[in-house]
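Peer 1: no FASTA, just this:
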């Protein structure tokens, strides 16, 4: 079965030139998706090939992320995880 329009659109934007992907990032609410759209085209292409083209699930995304170089992983931590942690409500501490 061919991918639905949104799958085709997602793939097209991820494979687009850097300027197009960066512009699209401004319209995406999810921090993870914004982060990916701001990565270089080679990184986005590897995501398409290794995750989207193979079934797009949590395990594939995790394997893909762990296979990236230090700079890519560090940018994800800095630009997504740290911001998510800062926005999270404080955890209650047990007495």
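Peer 2: Noted; the coordinates are in hand. Owing to the predicted nature of the structure, the values given are computational and were not obtained by experimental measurement.
Peer 1: Who are the contact partners of the most centrally placed residue in the chain?
Peer 2: Residue closest to the average C-alpha location in the chain (Cα atoms, centre = their mean): residue 36, at 3.6 Å. By Cβ atoms under 8 Å, 6 or more residues apart in numbering, residue 36 lies in contact with 14, 43, 44, 47. All C-beta spots, glycine's among them, are computed from the backbone N, C-alpha and C.
Peer 1: hmm, try it at 10 Å
Peer 2: Taking Cβ atoms under 10 Å, 6 or more residues apart in numbering as the criterion, residue 36 is in contact with 13-14, 21, 25, 28, 30, 43-44, 47-48, 51, 61, 72, 76, 80.
Peer 1: In terms of helices and strands, where is it?
Peer 2: Assigned by DSSP states H and E, residue 36 falls within helix 31-37.
Peer 1: and that helix, how far out from the chain's middle?
Peer 2: 4 Å (Cα atoms, centre = their mean, to the nearest Å).
Peer 1: ok, now stretch 44-59?
Peer 2: The chain centre lies 10 Å from the centre of stretch 44-59; the measure is Cα atoms, centre = their mean.
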